[in-house]
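S.K.: structure for the following, please:
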Amino acid sequence: MVSFRRWSVVLLLGGYLSGGEAAEFPPIQAEFSGKFLLPALPEAPPADWRVTITPVTGGGRHLEATVTMPGGRLRATAELDAALANGRWEIAEGELDAAAWLALLAPKLGSSMENIRVEGRLELHGKGEIKSGQPSGAVSVVWSEGAMRNPVEGWRLDGITLKGALTADPADFGTLRSDQPWELGVRTITSQRFGARNLAVTAKLNGDGTASLLSAGIEIAGGTVTIDPATVAVFPPVLDFTVHVDRIGLQDLVALVPASLADARGRIGGVVRLGWSQTAGIQVGAGGFTLRSDEAATLRLTPTPGLITGNVPERLALLPGWTGTIGKWFAPLNPVFGDVSEIELGRTPLAIETFELRLMPNGDEQGRSAVVRISARPDKTGTLVKRVVFDIDLTGSLSRLLNLNAGGRATLRIH
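M.R.: Numbers count the residues shown, from 1 in each chain. Purely as a prediction, here's the structure:
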């Protein structure tokens with residue numbers, strides 16, 4: 001539906017569209033209004049629009065347009081010359097409700113966004129030039145004090161800030177490019193297994209479907225994680241990063257492997273290659289981690305009967321097996337068996353002396369994809385066990401590494 005405040009505009013507009021010279025038009029003042037549907041989002045409610053045209057000195061035109069719909073408002077102006085071909089444009093006001101727009105876009109973004117909820121408002125501003133009917137310039141986006149959550153998976157991001165600008169030239173007005181870095185910050189990240197804070201990312205859109213990551217860092221488990229600069233694909237997203245870990249607390253990593261560890265203390269550091277794509281998911285690349293020596297480290301196993309005692313005889317055989325019952329009479333209890341059982345049942349913690357993890361997703365000369373070496377001693381007085389050494393050689397998928405019972409070649413030595 002369109003209404004016209006001045007019907008004479010229809011005749012003048014018809015003359016212009018039929019090839020009349022714009023310079024021949026007398027100065028006019030008019031107002032158009034109506035409703036329209038967004039072609040890409042047919043589910044969205046109709047938007048109300050209004051355009052006013054007023055003459056300016058020299059035969060040019062001043063245009064002001066407003067668009068209002070549930071979840072957003074936009075007001076833009078333009079100053080055009082008498083030929084309506086050159087001038088300036090500006091987005092004077094722009095505001096979008098993040099929750100309303102994500103609800104509209106979610107069906108287009110796939111099942112991964114099905115349970116995502118967002119909060120906050122986005123502000124839009126921009127300006128630029130029009131030359132020979134082609135616009136150029138930049139549009140800035142600011143999202144302040146935003147939030148994002150997934151109540152089904154139990155995670156939440158609070159204190160989101162996003163600042164950046166999209167730049168376009170007449171030759172590539174439809175591409176996504178940014179001359180200045182975009183800045184993303186998240187104050188806190190909360191999940192069912194761990195928490196993090198102060199995420200900070202800067203990146204630039206290159207206009208060719210890729211983005212340049214300039215810097216990225218986050219505080220987690222009392223330490224920091226940073227990512228080296230890299231270029232990644234945006235549509236569809238394909239990530240490949242070198243990640244640096246410094247002083248990450250083992251206690252938070254325990255939450256990721258509850259089937260193996262009941263508790264752990266200490267800090268580790270290292271470097272690892274990580275990737276992600278929608279088709280392949282998370283991919284772990286080459287890297288390694290070691291234990292820092294400036295802080296005491298301990299671990300306590302999740303109760304797993306047989307994990308260690310399966311390698312330790314309960315009785316010491318003093319006579320050959322062919323002696324049968326008589327041999328069993330002369331097989332005393334192994335004095336360390338009880339201490340070992342207390343360790344594997346998680347009742348005796350272990351003080352970690354050395355820890356090393358090497359990741360080799362493509363395999364080494366022995367076909368191993370990961371190697372874990374842990375040397376620890378019982379953190380308890382009076383025990384006969386002096387040291388427990390875990391040697392784990394994993395072959396195949398690295399996803400099994402997070403479970404000590406995942407298979408592979410494992411050696412447990414008791415001293």
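S.K.: rest of the way, CA atoms for contacts and neighbours
M.R.: Fine.
S.K.: what is the longest helix along the chain packed up against?
M.R.: Secondary structure of the chain per DSSP state H: the longest helix is helix 98-109. The contact analysis (3 or more Cα pairs under 8 Å, 6 or more residues apart in numbering; DSSP states H and E) places helix 98-109 against strand 117-131.
S.K.: show me the contacts for Leu359.
M.R.: Shown here is Leu359, whose contacts under the criterion Cα atoms under 8 Å, 6 or more residues apart in numbering are Val272, Gly285, Ala286, Gly287, Gly288, Ser369, Ala370, Val371.
S.K.: the third one: which element?
M.R.: Remark: Ala286 resides in strand 281-291, with elements defined by DSSP states H and E.
S.K.: for stretch 102-122, which positions count as buried?
M.R.: Using 16 or more other Cα atoms under 10 Å as the test for burial, stretch 102-122 gives Leu102, Ala103, Ala106, Ile116, Arg117, Val118, Glu119, Gly120, Arg121, Leu122.
S.K.: kindly apply the preceding question to stretch 269-285 instead.
M.R.: The neighbour-count check on stretch 269-285 (16+ other Cα under 10 Å) flags Gly269, Gly270, Val271, Val272, Arg273, Leu274, Gln283, Val284, Gly285 as buried.
S.K.: show me where this protein has helices.
M.R.: With DSSP H as the criterion, the chain has helices at 8-17, 98-109, 250-254, 325-329, 337-344.
S.K.: what residues does the lengthiest strand in the chain touch?
M.R.: As far as residue count goes, and with DSSP state E defining each element, the longest strand of the chain is strand 134-150. Applying Cα under 8 Å, 6+ apart, the external contacts of strand 134-150 come out as 85, 91, 115-130, 155-170, 173.
S.K.: mind listing what that strand pairs with, with the direction of each?
M.R.: Using DSSP bridges, the strands paired with strand 134-150 in its sheet are strand 117-131 (antiparallel), strand 155-168 (antiparallel).
S.K.: mind listing what's buried in it?
M.R.: Across strand 134-150, burial judged by 16+ other Cα under 10 Å covers 135-150.
S.K.: same check, this time on stretch 197-216
M.R.: For stretch 197-216, burial by neighbour count (16+ other Cα under 10 Å) applies to 197-207, 210-214, 216.
S.K.: cool, and stretch 360-370?
M.R.: Within stretch 360-370, the residues that qualify as buried by neighbour count (16+ other Cα under 10 Å) are Met360, Pro361, Arg368, Ser369, Ala370.
S.K.: domains in this structure, by residue range?
M.R.: What automatic domain parsing lists as the domains of the chain is 2-220, 301-414.
S.K.: mind checking those domains for the one nearest to Ala264?
M.R.: Between Ala264 and the domains of the chain, the shortest separation by Cα to Cα is 8.7 Å, and it involves domain 301-414.
S.K.: pLDDT averaged over that closest one - what is it?
M.R.: Summarised as a single mean, pLDDT over domain 301-414 is 77.
S.K.: the closest residue to Ile28 other than its chain neighbours bridge partners, please.
M.R.: Using Cα to Cα, 6 or more residues apart in numbering and skipping residues adjacent in sequence, the residue nearest Ile28 is Pro55, 6.0 Å away. The residues paired with Pro55 through beta bridges, assigned by DSSP bridges, are Arg61.
S.K.: ok, Pro55 touching Glu64?
M.R.: No - under the criterion of Cα atoms under 8 Å, Pro55 is not in contact with Glu64, lying 11.8 Å apart.
S.K.: how many neighbouring residues does Arg267 have?
M.R.: When counting by other Cα atoms under 10 Å, one arrives at 22 neighbours for Arg267.
S.K.: I figured it hits Leu291, correct?
M.R.: Yes - taking Cα under 8 Å as the contact criterion, Arg267 and Leu291 are neighbours in contact, 6.1 Å apart.
S.K.: shared neighbours, these two?
M.R.: With the criterion set as Cα under 8 Å, 6+ apart, the contacts of Arg267 and Leu291 do not overlap.
S.K.: returning to what we had before: just the buried residues of stretch 269-285 now: which is nearest Ala76?
M.R.: After measuring the buried residues of stretch 269-285 against Ala76 - Cα to Cα - the closest member comes out as Leu274, at 43.3 Å.
S.K.: Provide a list of residues in contact with the closest one.
M.R.: Taking Cα under 8 Å, 6+ apart as the criterion, Leu274 is in contact with Leu239, Asp240, Phe241, Thr242, Val243, Ile282, Gln283, Val284, Gly285.
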